[in-house]
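Enquirer: Next input, structure requested:
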Amino acid sequence: MTIAFDFGTCNSVVARWNPAANAVEVPMIPNLTRRYSYRLPGEANEHQALVIPSLIHYGAGDHYKLGAQVETAGLVDDYGTFSWIKLDMLKNSSKSRNINGRRISQPMAATDLVSRILTFALGRFGDTEEDLAITVPVESFDSYVDWLMAAVTKVFPRRIRVLDEATACILGYRDQVKDGEIFMVFDFGGGTLDVAIVSIDPNANHEKPCKVLGRAGEEIGGTKVNCWMLEELKTTEDLSEQDIDDVGAALLRDIEEAKVAISSGEPQVDITRINDITGRLINHTFSRQGLIGLLEEKGLFRTVSRTVDRALEQAHDKYATKKSQIAGVFMVGGTSLLQGVKERVEALFPDCDVRCDNPFEAIARGACRYVGGDISSVLVHDYCLKSWNRQNKVFELIPVVPKGTSYPTVGVICGKYICGACDEARELGLVIWERSNMKAPGSTIELGPDGRPVIRVNHQERERALNPADAFIYADPLWSRDEPCRFVVGFAVDDHKRLAISIKDTRQGNRSYIKMKNGEQIYLPVRNLPIVRL
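Expert: Prediction:
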C-alpha cells in the first residue's frame, strides 16, 4: 500500500492508493484536514481541495494542535503557532523561541508537524505495511532533503522514496497525457517556484514512466507576494515599523484573502484593520490592475520567464530538446492561480494547452503513483570543491559533480585523493559546497523567526556548505609525506538526491575512521555515505 505526503509552505496534502477503486484518493483526516475552495483563472465555478494547513501550535505542557485544529481554535496568529515552516527549513534556519517555558526551534517544530501529521494518517488508515513517497522542491539543498527524510523516518521506518515536486505533478495528470510527448510542469506554491521539462517514455511499461530533461527553481512564492503587498500598504498608508510589529501578522492574513479574492475575479478588495494598541484605523484598497503593476515592478513575471528559460536551457544542453517540442503545460501550487501568472505562462507557450485543473492535490496524487516505479532525474545544483585562484587571488568553486548529472548515479563519478596538510597529520577532510543559480527578487519586508513580518534587507544564500567542519577523516596511523595518495575518495548521488562519498584508506592494517556530525565513528572503508551527515 502507498501513502504520499506533499509538505507545503501553506498547506500540505496526504494521498493514498485505494486498491478497491484502483485509484488515488485524498482522504479527509478528521480535525486536521479542511476543504479549501478556489476558482480557476477565467472560470466562475468554484472548486474544492482537501488540504492540511501547515500549522502547529504549542500550548501549555505537552499540548499541541495541528493543521485545521489551529485555525478552528483561532490560534493562527498566536505566538505559540509556527507557520511557513517549510521556508525556514529550506533556508536551513535554526532560530527558536521560548513558549511556555520550553525552547522550541524551527527544525523541532517542523519535525513535530511532519511526524505528527503522518502519525495521524497512519492511525486513520490502520495499515502497517505502507510505502511512503515524499516530495521536495526542485532547488532544495541536501540539508532539507536529509532533514525531511529523518522527520518521516521517526514514524515511518519503512520504504521511503523521494521525488521532486515538479516531476510528481506530471504523474498527477498522468491519465490526461499521451506517451512519448514532452511537457512542462510549473509548480508555484507558497514558498518556491519549480519548473521541470518532463518526457513520457512510451516503452517504459511504467517502470520509468517519466524522464526529467531539465529543471530550475527559485525560493519565491505566495508568501513573498504577501510581503510585497504589505510593503505597498506600509508606504501608501505611511505605517511605522511599530504598526507592522503590532498588527503585521493580522495584515498578512487580510492580504492573503485579498490576493485570493482578486485572483478569483474581484476587481478590488478593501482591507480594514484597527491597531488595538494605538487605536489607529488602517484602511487600504488593493485592485486587480494595481496588483499586476506591483508584480511587474517587483520582477515576478521576469523571474517566471527566467526560471522557465533555465529549465529549457538545461533540457536543450543535455537532450537537445526544443521549446517547440513542449506539448502542454501543467500548473500546480496555489500561487499559480495568482492574477497574471497563467497569462504570462500562456504568453511564453502560445501554441500549448496550459492547464491548472488540480493545483493543490496533483503533486501528492502523482507522488502516490510514483512509488513502485522509478524516474530518471537530473541535478540542478553543482557539487563543488573550493580552490584558490592564484591569478585573481580569490577562492572559486570547482564542480566535482556538475548540474545536469542524472541520478541515482552508477559507480563513482569523480575520484580524488586526500592528503594531510603537514607531516604526521591526524585529521583530514574536504568541505563540499552545493551551488544554486537562483536569483529571486528581494523585498524589504520578510517573515521573521516567529512568522511575523519584520523590516530588513533581503539576503538569500545561493551556495551552502554540505559539511561545514572540514575535518572528518581521522588517520590511524598518522599520515606521512611518504604516502601522499593514501586516502582515496569517490563521489556519487543517491536516489534521494544527496551527494554521497566513499572513502578507503590504502594503508594496510589501518584503524582510520570517519567521525559523523552526531559523534558516531565509522571505520574505513565507507561507501555511499551522505556528506550532509559529516
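
Enquirer: Am I right that Ile282 is in a strand?
Expert: Yes: assignment of Ile282 by DSSP: H, G, I helix; E, B strand; the rest coil places it within a strand.

Enquirer: In space, not sequence, find me the middle residue of this structure.
Expert: By Cα atoms, centre = their mean, the mean C-alpha position of the chain lies nearest to Pro137, the distance being 3.3 Å.

Enquirer: Could you check what's spatially nearest to that one, not counting adjacent residues?
Expert: Thr192 (4.4 Å; Cβ to Cβ, 6 or more residues apart in numbering). All C-beta spots, glycine's among them, are computed from the backbone N, C-alpha and C.

Enquirer: Val493: what's it in contact with?
Expert: Residues near Val493 by Cβ atoms under 8 Å, 6 or more residues apart in numbering: 379, 383, 401, 405, 407-409, 413, 499-500.

Enquirer: now, among these, which is nearest to Glu219?
Expert: Leu379 (17.3 Å; Cβ to Cβ).

Enquirer: what about that closest one, neighbour count?
Expert: Leu379 has 20 neighbouring residues, counting by other Cβ atoms under 10 Å.

Enquirer: Ok, Leu397 next?
Expert: What Leu397 shows, counting by other Cβ under 10 Å, is a neighbour count of 16.

Enquirer: Next, it: phi, psi?
Expert: Dihedral pair for Leu397: phi -90, psi 120, per degrees, to the nearest 10.

Enquirer: Could you measure from it over to Leu90?
Expert: Leu397 is 20 Å from Leu90, where distance means Cβ to Cβ, to the nearest Å.

Enquirer: for Cys368, same thing?
Expert: In terms of Cβ to Cβ, Cys368 sits 23 Å off from Leu90.

Enquirer: Show me which of those two is the more surrounded one.
Expert: Using other Cβ under 10 Å as the criterion, Cys368 and Leu90 rank with Cys368 on top: 30 against 20.

Enquirer: need the contact list for that one.
Expert: Neighbouring residues of Cys368 by Cβ under 8 Å, 6+ apart: 2-4, 15-17, 24, 133.

Enquirer: how would you label it: helix, strand or coil?
Expert: Assigned with three-state DSSP, Cys368 falls in the helix class.

Enquirer: Could you report the pLDDT at it?
Expert: Here, the pLDDT recorded for Cys368 equals 84.

Enquirer: quick one: the residue nearest to Thr81 when sequence neighbours are not counted from Ile326, how far?
Expert: Nearest non-adjacent residue to Thr81, counting by Cβ to Cβ, 6+ apart: His57, 4.4 Å away. According to Cβ to Cβ, His57 stands 43 Å off from Ile326.

Enquirer: Repeat that for Arg16.
Expert: Look at Arg16 and Ile326: by Cβ to Cβ, they are 32 Å apart.

Enquirer: now swap in Glu139 and tell me
Expert: Between Glu139 and Ile326 the distance is 21 Å, computed by Cβ to Cβ.

Enquirer: So which of those two has more stuff around it?
Expert: In this view Glu139 and Ile326 are compared by other Cβ under 10 Å, and Glu139 has more residues nearby, 25 against 21.

Enquirer: Without its sequence neighbours, what residue ends up closest to the more buried one?
Expert: Distance criterion Cβ to Cβ, 6+ apart; nearest residue to Glu139, sequence neighbours excluded, is Gly217 at 3.3 Å.

Enquirer: show me the residues around that neighbour that make contact.
Expert: Counted by Cβ under 8 Å, 6+ apart, Gly217 has contacts 137-139, 166, 192-195, 307, 380, 438.

Enquirer: Tell me which entries of those lie within strands.
Expert: Counted as lying in strands by DSSP state E, out of the contacts of Gly217, are 193-195.

Enquirer: With respect to pLDDT, which of those ranks lowest?
Expert: pLDDT is lowest at Asp194 among these; the value there is 88.

Enquirer: Which parts of the stretch 101-250 of the chain are helices?
Expert: Assigned by DSSP state H, counting those that start in this stretch, the helices in the stretch 101-250 of the chain fall at 106-125, 142-153, 165-172, 222-236, 241-263.

Enquirer: Tally up the residues packed near the residue nearest to Ser406 when sequence neighbours are not counted, please.
Expert: Nearest in space to Ser406, with sequence neighbours left out and distances taken as Cβ to Cβ, 6+ apart, is Val378 at 5.3 Å. By the criterion of other Cβ under 10 Å, Val378 has 21 neighbours.

Enquirer: quick one on the thing from earlier: where's the residue nearest to Pro137 relative to Glu218, distance?
Expert: In terms of Cβ to Cβ, Thr192 sits 7 Å off from Glu218.

Enquirer: More neighbours: which of the two?
Expert: Ranked by neighbour count (other Cβ under 10 Å), Thr192 and Glu218 place Thr192 first, with 30 against 27.

Enquirer: doesn't Ala216 make contact with the more buried one?
Expert: No: between Thr192 and Ala216 there is no contact under Cβ atoms under 8 Å: 11.2 Å.

Enquirer: who touches both of those two?
Expert: Residues touching both Thr192 and Ala216 (Cβ under 8 Å, 6+ apart): 138-139.

Enquirer: Which stretches in the stretch 1-150 of the chain count as strands?
Expert: For the stretch 1-150 of the chain, the strands defined by DSSP state E, counting those that start in this stretch occupy 2-6, 11-18, 23-25, 34-39, 46-53, 56-58, 64-66, 81-82, 96-99, 102-105, 131-136.

Enquirer: what helices or strands is the first one leaning on?
Expert: The reference is to strand 2-6. For strand 2-6, the elements it packs on are strand 11-18, helix 106-125, strand 131-136, helix 165-172, helix 362-370, judged by 3 or more Cβ pairs under 8 Å, 6 or more residues apart in numbering; DSSP states H and E.

Enquirer: got it, and the last one?
Expert: Counting contacts by 3+ Cβ pairs under 8 Å, 6+ apart, the secondary-structure elements packed against strand 131-136 are strand 2-6, helix 142-153, strand 160-164, helix 165-172, helix 362-370.

Enquirer: any idea how far Leu193 lies from Tyr64?
Expert: Distance from Leu193 to Tyr64, by Cβ to Cβ: 31 Å.

Enquirer: Quick check on the residue nearest to the centre of the chain: phi, psi?
Expert: Taking degrees, to the nearest 10, you get phi -60, psi 150 for the backbone angles of Pro137.

Enquirer: Quick check: pLDDT value at it.
Expert: For Pro137, the predicted pLDDT is 81.

Enquirer: unless I'm mixing things up, it is touching Val162, no?
Expert: No: between Pro137 and Val162 there is no contact under Cβ under 8 Å: 11.5 Å.

Enquirer: picking up where we left off before, which neighbours do Thr192 and Glu218 have in common?
Expert: Glu139.

Enquirer: Just put the helices and strands packed on strand 131-136 in CSV and tack on distance to Leu291.
Expert: CSV is the format used below for these (distance: least, Cβ to Cβ, whole Å):
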stretch, distance to Leu291
strand 2-6, 27
helix 142-153, 30
strand 160-164, 30
helix 165-172, 25
helix 362-370, 25
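
Enquirer: least reliable of those going by mean pLDDT?
Expert: helix 165-172 (a mean of 78).
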